[in-house]
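S.K.: Just a sequence and a predicted model for now, questions to come.
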Amino acid sequence: MAKTLSPRVAEQLLIGRTLRSIREGQDPRPTLREIGSRLEMSGAAYQKYETGETRIDSEKLRVILEALGTDSEYYELARARLLQGETAPMPAFDFRENTRSFEVNVFGRAHAGALGIEVYDTGLPLRSVNFRTLVGPRADAFEVAGESMSPWAEPGELVLFDRDRYPKRGQGCVIELKSGQMLLKQYVKSESGQVFLKELQPVERVFGVPLGDIVGIYAVTVRGG
């Protein structure tokens, strides 16, 4: 009988597999001892992160990614590949140097007066960000046709989705089916060989789609327009 894993254990195993995929895809490939040294621990201790034996919280994950010389965007790409069944190591790829730049300015905001009204500073921007890193290197657009997700997404609007990013719970997603259909829904969870999705119209409901019918599940990154 197959052993049932708790969601927490399953998540830790996935994090470890993702870190291993990133490390093994680098050229030259760093050893467990090298990464452990960067983290001021032994190679054996670091290996327990990759095997899921040692729990990794969000702060520890950030530190490990720095030791691997990568970032959270690259981690999400590697994680998505594993969730979609790809077992080969994550290809060495510099996310920041291999995507076309579309820079947008980020402005700060200030509180004005005793009421604390928030206004945006009209001076120099705090920084700029590459919009491409927000939507993903393999972003595609999808035009909404039906009203099943109204008012969240109306007919005629565009949504952008990233083929390398798996949706979080409650996030909009595009489901590509083996039949050739594309569905725009809200991701709920994956369980018992099914992906559970929510739609809003004509009545709000949650329904399941067998994993065997699905080609890919992609997170929506931008909608509207």
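M.R.: Received the coordinates, thanks.
S.K.: for the protein, what spans make up the helices?
M.R.: Along the chain, counting by DSSP state H, helices occupy 7-25, 32-38, 43-50, 58-67, 72-83, 131-135.
S.K.: among the ones you listed, which is nearest Val203?
M.R.: Set against Val203 and scored by Cβ to Cβ, the helices of the chain come closest in helix 7-25, at 28.6 Å. Where you see a C-beta, it was placed from the backbone N, CA and C, and this is true even at glycine.
S.K.: low-confidence ranges in the chain?
M.R.: Residue ranges of the chain with pLDDT under 70: 1-5, 91-104, 107-124, 126, 128-137, 225.
S.K.: Go again with 80.
M.R.: Applying pLDDT under 80 to the chain flags residues 1-6, 73, 84-139, 142, 224-225.
S.K.: Lys178 is nearest to which of the helices of the chain?
M.R.: helix 72-83 (17.2 Å).
S.K.: Buried ones in that closest one, by neighbour count?
M.R.: Residues Glu73, Tyr74, Tyr75, Glu76, Leu77, Ala78, Arg79, Ala80, Arg81, Leu82 are the ones in helix 72-83 that count as buried (16 or more other Cβ atoms under 10 Å).
S.K.: Let me have those in TSV, extended by distance to Gln186.
M.R.: Below are the buried residues of helix 72-83 laid out as TSV (distance: Cβ to Cβ, whole Å):
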residue	distance to Gln186
Glu73	23
Tyr74	26
Tyr75	24
Glu76	19
Leu77	23
Ala78	25
Arg79	20
Ala80	18
Arg81	23
Leu82	23
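S.K.: ok, now which ones touch the residue nearest to Gly170 when sequence neighbours are not counted?
M.R.: Closest residue in space to Gly170, ignoring its immediate chain neighbours: Gln186 at 6.5 Å, by Cβ to Cβ, 6 or more residues apart in numbering. Gln186 makes contact with Met149, Trp152, Gly170, Gln171, Gly172, Cys173, Leu197, Lys198, Glu199, Leu200, according to Cβ atoms under 8 Å, 6 or more residues apart in numbering.
S.K.: distance of Gln186 from Glu40?
M.R.: 42 Å (Cβ to Cβ, to the nearest Å).
S.K.: How about Ser72?
M.R.: Remark: distance between Ser72 and Glu40 (Cβ to Cβ) = 22 Å.
S.K.: what do you get for Trp152?
M.R.: Look at Trp152 and Glu40: by Cβ to Cβ, they are 46 Å apart.
S.K.: which of these two has more neighbours?
M.R.: Just comparing Trp152 and Glu40: by other Cβ atoms under 10 Å the higher neighbour count belongs to Trp152, 19 against 8.
S.K.: Could you break this structure into its assigned domains?
M.R.: Structural domains assigned to the chain are 7-83, 103-133, 136-224, following automatic domain parsing.
S.K.: can you redo the ones you listed as JSON lines with distance to Met90?
M.R.: Shown next, in JSON lines, are the domains of the chain (distance: least, Cβ to Cβ, whole Å):
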{"stretch": "domain 7-83", "distance to Met90": "4"}
{"stretch": "domain 103-133", "distance to Met90": "17"}
{"stretch": "domain 136-224", "distance to Met90": "11"}
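S.K.: Of the contacts of Gln186, grab the buried ones for ChimeraX.
M.R.: In ChimeraX, this line selects whichever of these come out buried by 16+ other Cβ under 10 Å:
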select :149,152,172,173,197,198,199,200
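S.K.: what comes up buried for stretch 54-61?
M.R.: Residues of stretch 54-61 classed as buried by neighbour count (16+ other Cβ under 10 Å): Ile56, Leu61.
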